[in-house]
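Q: Mind looking at a prediction? Sequence and model below.
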Amino acid sequence: MSHDVGTSDQVEEAAVIDAISVIRTKRDGGELSDAQIDWVIDRYAHEHGNVADEQMSALLMAILIRGMSRREIARWTHAMVDSGRRMDFSGLRRGGRPLVTVDKHSTGGVGDKITLPLAPLVASYGVAVPQLSGRGLGHTGGTLDKLESVAGWRADIGPDEMVEQLERVGAVICAAGRDLAPADRKLYALRDVTGTVESIPLLASSIMSKKIAEGTGALILDVKFGSGAFLKTEDLSRELAETMVELGESAGVITRALLTDMNTPLGRTAGNALEVAESVEVLAGGGPDDVVELTLALAREMLDAAGLGHVDPADNLCNGKAMDTWRAMVSAQGGDPEAPLPVAAHTDTVVAEESGVIVGLDAWDVGIAAWRLGAGRAVPGAAVQAEAGVRIHAKPGDRVRRGDPLFTLHTQTAERFATARAALRTAITLGDAPGIRPPLIVDRVTVGA
Ligand code: URA
């Protein structure tokens, strides 16, 4: 969407805007005008020198505290889209027929490897899945970090290669180019060090600016809540989901969201190579129940949005077609899908100190342990260990006896075990009886619902 040039009043207003007046407007609880938003994003993204990091930090904190109206969020998002290049997949063809594009985004969680089986699964039905992904920061892993544990695999591919791969294979998982919503790159780095990540307007605009700029036809969002997610409560994640669905739909992207529980890690692994191995199990028709459940639920939404609501995605997990697409997708980006995954030099097992039934397994604690073992990074650009992570032996509902293994810790650097063990000290809650397991998928958010 391109912005209107503006009335003569708006043009006049833009001529007198400065960073301090924008900060004061939001600090005092006012609404930013379209001209103020366009000005501040453009000046910050393109380093004209009019908006310094400390001024943008103050504005971000004012937004976190004061919030934004839906109009402000929409304008802020589109100003971020307009800060860079838009991709266009409308010309994709296979066998002379146009290809529909559908993407998925997860707000991030512990053990969330769903993109890995999901992208090839959906592509195996003839839908194009352009998945521009990121690297992890903090306790949640990044999809690119996970895939980089496959020998030879490259995250950086150019737009022409991406189009060729989408037409031939159907799925691409790669790094977003630097010119896609560049305002978001700068803002995200600043939010990360100023305690302003958890603002719903800033989360929604950050995620949706990249997805709108990417040019996908449809988008399915996995919006998480709970201890391992950015947002801790279901209500907040619902507000984020509704905001993003509205932003997507108003930009012409079919957008739907699932609200999912991230109090417990997904699957039985957290860490890069460990999660790739678990994803391959799912593609082979096995894998943990929760990973399979969420993969299939998101696949159904993606296929439905692409006009294929009648197919059952479980079929291609069982008959090997999703696995064939995975192999083709990995090979197309230089990876060897048959190569053994890297294995940690050191492992250490945490055992149960008491007997009982597991009634809680805290995603945050497991994420921190995996991060401390070397699976994640503390600063952007730092290296991660492909081999590091946590294997989970028992999940909520399982009965354990004193001495049974709960976790196996994996790392290349054995001195990390002590701090990882410390993170896991409170991870497990034991009870006498299993109790009722909360649903993994708690709701579906669509436009106007
Ligand atoms: N992922 C994003 O792309 N942006 C955020 O703000 C948080 C997670």
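A: Now that the structure is in, tell me what you want to look at.
Q: Please count neighbours and contacts with C-alpha atoms only from this point.
A: Noted.
Q: Look at the closest residue to A229 other than its chain neighbours and give its secondary structure.
A: Of all residues not flanking A229 in the chain, G109 sits nearest, at 5.3 Å (Cα to Cα, 6 or more residues apart in numbering). What DSSP: H, G, I helix; E, B strand; the rest coil gives for G109 is coil.
Q: is it true that G109 touches S227?
A: No - assessed by Cα atoms under 8 Å, G109 is found out of contact with S227, at 9.0 Å.
Q: I would like the residues contacting stretch 236-246, please.
A: Contacting residues not belonging to stretch 236-246 are listed as 70, 200-201, 203-205, 208, 221, 223-225, 231, 255-259, 445-447 [Cα atoms under 8 Å, 6 or more residues apart in numbering].
Q: Please pick the buried ones from these.
A: For the contacts of stretch 236-246, a burial check counting by 16 or more other Cα atoms under 10 Å picks out 200-201, 203-205, 208, 221, 223-225, 231, 255-259, 445, 447.
Q: Dump the C-alpha coordinates for stretch 417-433 into PDB.
A: In PDB, the C-alpha atoms belonging to stretch 417-433 read as follows (Å, rounded to 0.1, in the frame of the first residue of the first chain):
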ATOM      1  CA  PHE A 417      26.300 -27.500  32.700                       C
ATOM      2  CA  ALA A 418      26.200 -25.800  36.200                       C
ATOM      3  CA  THR A 419      24.200 -22.700  35.100                       C
ATOM      4  CA  ALA A 420      21.900 -24.800  32.800                       C
ATOM      5  CA  ARG A 421      21.100 -27.100  35.700                       C
ATOM      6  CA  ALA A 422      20.400 -24.100  37.900                       C
ATOM      7  CA  ALA A 423      17.800 -22.900  35.300                       C
ATOM      8  CA  LEU A 424      16.100 -26.200  35.500                       C
ATOM      9  CA  ARG A 425      15.900 -26.400  39.300                       C
ATOM     10  CA  THR A 426      12.300 -25.100  39.300                       C
ATOM     11  CA  ALA A 427      11.300 -26.300  35.800                       C
ATOM     12  CA  ILE A 428       9.300 -29.400  37.000                       C
ATOM     13  CA  THR A 429       6.300 -29.300  39.300                       C
ATOM     14  CA  LEU A 430       5.300 -32.700  40.700                       C
ATOM     15  CA  GLY A 431       1.900 -33.700  42.000                       C
ATOM     16  CA  ASP A 432       0.000 -36.900  42.900                       C
ATOM     17  CA  ALA A 433      -2.300 -37.200  40.000                       C
END
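Q: Let me know the average pLDDT across that stretch.
A: Here stretch 417-433 scores 96 as its mean pLDDT.
Q: which parts of that stretch are buried?
A: F417, A420, R421, A423, L424, A427, I428, L430.
Q: Just the ones of the residues you listed in strands?
A: I428, L430 (DSSP state E).
Q: got a pLDDT number for the residue in the stretch 1-150 of the chain that the ligand sits nearest to?
A: Residue nearest to the ligand within the stretch 1-150 of the chain: T107 (5.6 Å; Cα to the nearest ligand atom). Note on T107: pLDDT of 93.
Q: quick one: secondary structure of the closest residue to it other than its chain neighbours?
A: The shortest distance from T107 to any non-neighbouring residue, by Cα to Cα, 6+ apart, is to V223 (5.4 Å). For V223, the assignment made with three-state DSSP gives strand.
Q: cool, and H78?
A: Going by three-state DSSP: H78 is helix.
Q: any idea what sits nearest it, other than its immediate chain neighbours?
A: Closest to H78 by Cα to Cα, 6+ apart is S209, at 6.6 Å.
Q: name the element the residue in the stretch 301-449 of the chain positioned nearest to the ligand belongs to?
A: Closest to the ligand within the stretch 301-449 of the chain is P380: 13.6 Å, counting by Cα to the nearest ligand atom. Per DSSP states H and E: P380 is located in neither a helix nor a strand.
Q: what's the burial count for it?
A: 12 (other Cα atoms under 10 Å).
Q: that older thread, mind putting the buried residues of stretch 417-433 in JSON lines, distance to D289 included?
A: Listed next are those as JSON lines, based on distance: Cα to Cα, whole Å:
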{"residue": "F417", "distance to D289": "29"}
{"residue": "A420", "distance to D289": "26"}
{"residue": "R421", "distance to D289": "26"}
{"residue": "A423", "distance to D289": "26"}
{"residue": "L424", "distance to D289": "23"}
{"residue": "A427", "distance to D289": "21"}
{"residue": "I428", "distance to D289": "20"}
{"residue": "L430", "distance to D289": "22"}
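Q: picking up where we left off before, could I get the contacting residues of the residue nearest to T107?
A: V223 sits next to S106, T107, G108, S237, R238, L240, A241, A257, L258, L259, T260 when contact means Cα under 8 Å, 6+ apart.
Q: So if we follow the domain assignment, how does this protein break up?
A: For the chain, automatic domain parsing gives the domain ranges 8-66, 93-339, 346-431.
Q: And what about L219, helix, strand or coil?
A: strand.
Q: Show me what it is bridged to.
A: The bridge-partner assignment for L219, based on DSSP bridges, gives D103, T255.
Q: quick one: it and S106 touch, right?
A: No - contact criterion Cα under 8 Å: L219 and S106 do not qualify, at 10.6 Å.
Q: circling back: among the buried residues of stretch 417-433, which are within reach of the ligand?
A: Near the ligand, judged by Cα under 6 Å from any ligand atom, there are no entries from the buried residues of stretch 417-433.
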